[in-house]
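Chemist: got a predicted model here, sequence first, then my questions.
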Amino acid sequence: MSESPKPRGTETRSAGVVSVDWFPKPKPRGHGRVSGTLLRMAIGGAAAAVLYKLGHVNLAIAAGAIAVVVGGISLASPRAADAISRALAWFGRAVGTAVGSVLLTLAYLLVLTPARFVKRLAGDDDLRLRDERLPSYYEPCDAPERKIRHARTMFATEVLRPRRGGIMVWLVTFAVLLGLAELILRAEGFGPGAVLYVPDVHAGYYPGPHQNLDRYGGRVVTNRFGMRAPEAEERKPAGKFRILMLGDSTLWGGSYIDQDQLYARILDRKLDEIAGGDDVEVLNMGVNGWGPFHERGFIDKFGALDADLVLVCLPHDDVDREKYSLMSVPYFTVGHPPALALEEVVMHSTWRYRRDKIAFKTFKELRAEQRELGIREYERLGAYLQDGTGDAEPSGPKPRTPVGGSEVFFEILPSRSVGALGKVIEPLEPEVVGKLKERLATHKIEVHYPAGLFVGKGPLDDLYHDEVHLHFLGHALYADFLVEQVTKSSTRFAAWLKSRPARKAQ
C-alpha cells in the first residue's frame with residue numbers, strides 16, 4: 001500500500017538538519033561548481049599570461065601553478081571547492097573592508113567633517129537636535145544584535161547543526177598551498193640550491209668554492225676562490241695577461257643573469273678576440289654586499305693573484321659599507337644549506353628587521369658616518385695594489401701572492417637614473433664620485449664614471465634590473481665600455497700586446 005503524500009509544512013529530519021519542506025530544495029550544485037572552477041582557472045591563467053608579458057616570469061609561473069592546482073582540487077572534491085570558495089569570499093570581504101575603511105575614512109575626514117563644520121557655522125539643524133521646542137527627526141538605530149536576532153526568527157525554516165571538519169579542511173588546504181609554494185620555489189633554485197658562503201676573518205665572507213647551481217633561470221658556477229669565473233691558479237701562468245676585478249653584487253651579477261652574460265665574462269671573451277688567442281684571464285671577485293673593507297680583506301688574504309690590471313668595480317654607495325660579517329646578511333654558510341625553500345624566503349624577508357633591531361642608530365645614520373671611512377679605504381686599497389707600500393700594508397698574515405705593481409682602475413657604475421635616464425636624482429652620487437676622483441688622483445689612479453652610457457640604447461628593463469644592478473643588455477653594453485677602457489687607457493695591456501711574439505689571425 002503506497003504512502004499518501006506528506007501535507008505541506010510537515011517536518012522531516014535528516015543528519016544534522018531539522019528542515020520544513022516549505023520550499024523546493026535547490027538543484028545540485030555540480031554543474032555550477034564546475035563552471036565556477038573553470039572560470040577561476042581561466043582568470044588565473046589570464047593573470048599568469050599578463051605577468052609573463054610584463055616580464056615577471058617567476059610570478060607568472062606561481063600564478064599559473066596555483067590556478068591549476070587549486071582548480072584541480074576543486075574539481076576533485078566538492079568539499080574542498082566549498083572551502084576554497086569560502087576562503088576566496090573571506091579574502092574578498094577582507095580586502096573590501098580594508099579598502100572601504102580607507103576610502104570612507106578619507107571621505108569622512110576630508111568631506112563630511114568640513115561640511116558639517118560649515119553647516120554648523122551657518123546654523124543648520126537638519127535633524128532638529130539643538131532646538132528643544134521642535135520635534136526631532138533623529139531616531140536611534142537598534143543594536144545590530146537585536147536586529148539580527150529578530151530577522152532570524154522571521155523566516156526560519158531549518159536549524160543548522162555545527163558542521164564538523166571545517167578546521168581540518170582549512171588545515172589541509174593551508175598545507176597543500178605551503179607544499180605548492182615549496183615546490184615552485186625549489187624549481188627556481190631556492191632551498192638546498194641556495195648560494196652558500198664562507199665566513200672569513202679577513203674578507204668577512206665570500207661565496208663558497210666549486211658551486212654549480214641554477215637559480216632564477218641563470219647558471220651560477222664558482223671556482224676555487226668563489227668567483228663566477230673559470231678555474232685559475234693563484235700564480236699567473238707565463239705569457240698570460242691577468243685582470244682581477246673586485247666588487248659587490250653589481251659585479252657578481254645576480255643569479256638571474258646567466259654566467260656567460262656577466263660583463264666580466266664578456267670582457268674576457270672580447271679581449272681574447274683582440275689578443276688573437278686565449279691568453280687573457282679575467283678573474284671577477286664580486287660578492288653580494290661587499291664594500292671597500294671586504295675587498296681589502298680579500299687582498300690581505302689572497303694577495304693580488306699576480307694581476308697585471310686590477311679593476312675595482314662599484315656603485316657610488318659602496319663607500320657606505322663597513323666590514324660586516326656573514327651574520328649581518330641573509331646568506332647561508334657552506335655545509336649548512338637551508339632545508340626548505342621557504343626557510344630561505346623567510347631569511348631574506350626578515351634580515352633587515354633583525355639588522356635594524358640591534359642598531360642603536362638608524363641604518364641611514366650609520367652609513368653616513370661610514371662614508372668618509374669608506375672613501376679613505378678605497379684610496380688605501382688602490383695605493384696598496386699599485387705600490388704595495390706605505391700605511392696600506394696589511395697588519396695580518398702575509399698575503400698568499402705578492403701585492404703591488406698592478407695597474408689599477410676604478411670603474412664606478414652609474415645608477416639607473418644617471419646611466420639610463422641621464423638625470424641626477426640622488427645628489428650624493430656625483431659628490432662621492434668627485435671625492436673618489438680627487439683622492440685617487442694623488443696616486444695617479446684613473447676613475448671612470450660613464451654617466452649617460454645607456455641613454456637611448458634599449459628598453460630600461462633590459463638595461464637595469466633595478467636602480468643599481470644591470471640586466472642582460474646593460475651587462476653587454478658595460479662590457480663594451482670596459483673593453484674600450486682597457487684597450488685605450490691601460491699601458492700594461494698595450495705593452496703586453498706589443499710584446500707578444502706572434503698574434504693569431506683575428
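Modeler: Noted; the coordinates are in hand.
Chemist: sticking with the spatially closest residue to residue 301 that is not a sequence neighbour, tell me its helix or strand.
Modeler: Using C-beta to C-beta, 6 or more residues apart in numbering and skipping residues adjacent in sequence, the residue nearest residue 301 is residue 202, 4.1 Å away. Glycine gets a C-beta too; all of them are placed from N, C-alpha and C. Of the helices and strands defined by DSSP states H and E, none includes residue 202.
Chemist: so what's the residue count around residue 202?
Modeler: For residue 202, the tally of surrounding residues (other C-beta atoms under 10 Å) stands at 19.
Chemist: can you check residue 316 too?
Modeler: 23.
Chemist: my guess is it contacts residue 432. True?
Modeler: Yes - contact criterion C-beta atoms under 8 Å: residue 316 and residue 432 qualify, at 4.3 Å.
Chemist: grab the nearest non-local neighbour of the residue positioned nearest the centre of the chain.
Modeler: Closest residue to the average C-alpha location of the chain: residue 348 at 8.5 Å, with C-alpha atoms, centre = their mean. Once flanking residues are discounted, residue 348 sits nearest to residue 330: 4.8 Å by C-beta to C-beta, 6+ apart.
Chemist: now do the one you found against residue 224, distance only.
Modeler: Distance, residue 330 to residue 224, using C-beta to C-beta, to the nearest Å: 25 Å.
Chemist: neighbour count: these two, which is higher?
Modeler: The residue with more neighbours, out of residue 330 and residue 224, is residue 330; 18 against 11, by other C-beta under 10 Å.
Chemist: mind checking what secondary structure the more buried one has?
Modeler: coil (DSSP: H, G, I helix; E, B strand; the rest coil).
Chemist: and the longest helix anywhere in the chain, what does it pack onto?
Modeler: If you go by DSSP state H, the chain has its longest helix at helix 78-107. Judged by 3 or more C-beta pairs under 8 Å, 6 or more residues apart in numbering; DSSP states H and E, helix 78-107 is in contact with helix 30-53, helix 57-76, helix 166-187.
Chemist: can you name the next helix or strand after it?
Modeler: By DSSP H and E, the next helix or strand past helix 78-107 is helix 113-121.
Chemist: show me what counts as buried in that following helix.
Modeler: Under the neighbour-count criterion of 16 or more other C-beta atoms under 10 Å, helix 113-121 has nothing buried.
Chemist: ok, residue 336 to residue 109 distance?
Modeler: In terms of C-beta to C-beta, residue 336 sits 52 Å off from residue 109.
Chemist: one step back: the residue nearest to residue 348: what's it in contact with?
Modeler: By C-beta atoms under 8 Å, 6 or more residues apart in numbering, the contact set of residue 330 is 347-348, 350-351.
Chemist: re earlier: wait, which of the helices and strands packed on helix 78-107 is closest to residue 501?
Modeler: With C-beta to C-beta as the measure, helix 57-76 is the member of those nearest residue 501 (48.9 Å).
Chemist: show me what that closest one is packed against.
Modeler: Looks like helix 57-76 contacts helix 30-53, helix 78-107, helix 166-187 (3+ C-beta pairs under 8 Å, 6+ apart).
Chemist: who wins for proximity to residue 273 among these?
Modeler: That would be, of the helices and strands packed on helix 57-76 and by C-beta to C-beta, helix 30-53, which comes in at 35.7 Å.
Chemist: quick one: contacts of the closest one?
Modeler: Counting by C-beta under 8 Å, 6+ apart, 57, 59-61, 63-64, 66-68, 70-71, 74-75, 78, 81, 85, 88 sit against helix 30-53.
Chemist: for stretch 494-504, same thing?
Modeler: 241, 274-277, 279, 308, 487.
Chemist: shaky segments in this protein?
Modeler: Where the chain drops to pLDDT under 70, the residues are 1-33, 55-58, 134, 137-141, 150-166, 355-356, 358-363, 390-397, 502-506.
Chemist: all strands for it, in order.
Modeler: 11-14, 17-20, 158-160, 196-200, 204-207, 212-215, 218-221, 241-247, 280-286, 309-314, 332-333, 407-412, 446-448 (DSSP state E).
Chemist: any chance of JSON lines for the ones you listed, columns mean neighbour count?
Modeler: JSON lines is the format used below for those (neighbours: other C-beta atoms under 10 Å):
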{"stretch": "strand 11-14", "mean neighbour count": "9"}
{"stretch": "strand 17-20", "mean neighbour count": "13"}
{"stretch": "strand 158-160", "mean neighbour count": "10"}
{"stretch": "strand 196-200", "mean neighbour count": "18"}
{"stretch": "strand 204-207", "mean neighbour count": "25"}
{"stretch": "strand 212-215", "mean neighbour count": "14"}
{"stretch": "strand 218-221", "mean neighbour count": "18"}
{"stretch": "strand 241-247", "mean neighbour count": "25"}
{"stretch": "strand 280-286", "mean neighbour count": "25"}
{"stretch": "strand 309-314", "mean neighbour count": "25"}
{"stretch": "strand 332-333", "mean neighbour count": "16"}
{"stretch": "strand 407-412", "mean neighbour count": "22"}
{"stretch": "strand 446-448", "mean neighbour count": "17"}
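Chemist: okay if I get these as CSV plus distance to residue 454?
Modeler: Listed next are the strands of the chain as CSV, based on distance: least, C-beta to C-beta, whole Å:
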stretch, distance to residue 454
strand 11-14, 71
strand 17-20, 69
strand 158-160, 65
strand 196-200, 31
strand 204-207, 27
strand 212-215, 25
strand 218-221, 21
strand 241-247, 18
strand 280-286, 19
strand 309-314, 16
strand 332-333, 34
strand 407-412, 14
strand 446-448, 15
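Chemist: so which of these comes closest to residue 257?
Modeler: With distances scored as C-beta to C-beta, the stretch of the strands of the chain nearest to residue 257 is strand 218-221 (5.3 Å).
Chemist: residues contacting the closest one, please?
Modeler: Contacts for strand 218-221 (C-beta under 8 Å, 6+ apart): 195, 211-214, 228, 254-261.
Chemist: hmm, try it at 7 Å
Modeler: Identification of contacts with strand 218-221 by C-beta atoms under 7 Å, 6 or more residues apart in numbering yields 195, 211-213, 228, 255-259.
Chemist: closest one to residue 357 out of those, please.
Modeler: The closest of those, once distances to residue 357 are taken by C-beta to C-beta, is residue 195, at 25.2 Å.
Chemist: from memory that closest one sits against residue 207, does it?
Modeler: Yes - between residue 195 and residue 207 there is a contact at 6.0 Å, judged by C-beta atoms under 7 Å.
Chemist: list residues touching both of these two?
Modeler: What both residue 195 and residue 207 touch, as defined by C-beta under 7 Å, 6+ apart, is an empty set.
Chemist: and residue 471, how far from residue 261?
Modeler: Residue 471 sits at a distance of 9 Å from residue 261 (criterion: C-beta to C-beta).
Chemist: go on, residue 293?
Modeler: Applying C-beta to C-beta to residue 293 and residue 261 gives a distance of 29 Å.
Chemist: residue 191 contacts residue 344, doesn't it?
Modeler: Yes - contact criterion C-beta under 7 Å: residue 191 and residue 344 qualify, at 6.0 Å.
Chemist: give me the more crowded residue out of these two.
Modeler: residue 344 (23 against 19).
Chemist: for residue 451, what are phi and psi?
Modeler: phi -60, psi 130 (degrees, to the nearest 10).
Chemist: need the residues that contact stretch 176-183.
Modeler: Outside stretch 176-183, the residues touching it (C-beta under 7 Å, 6+ apart) are 65-66, 69, 73, 340-342.
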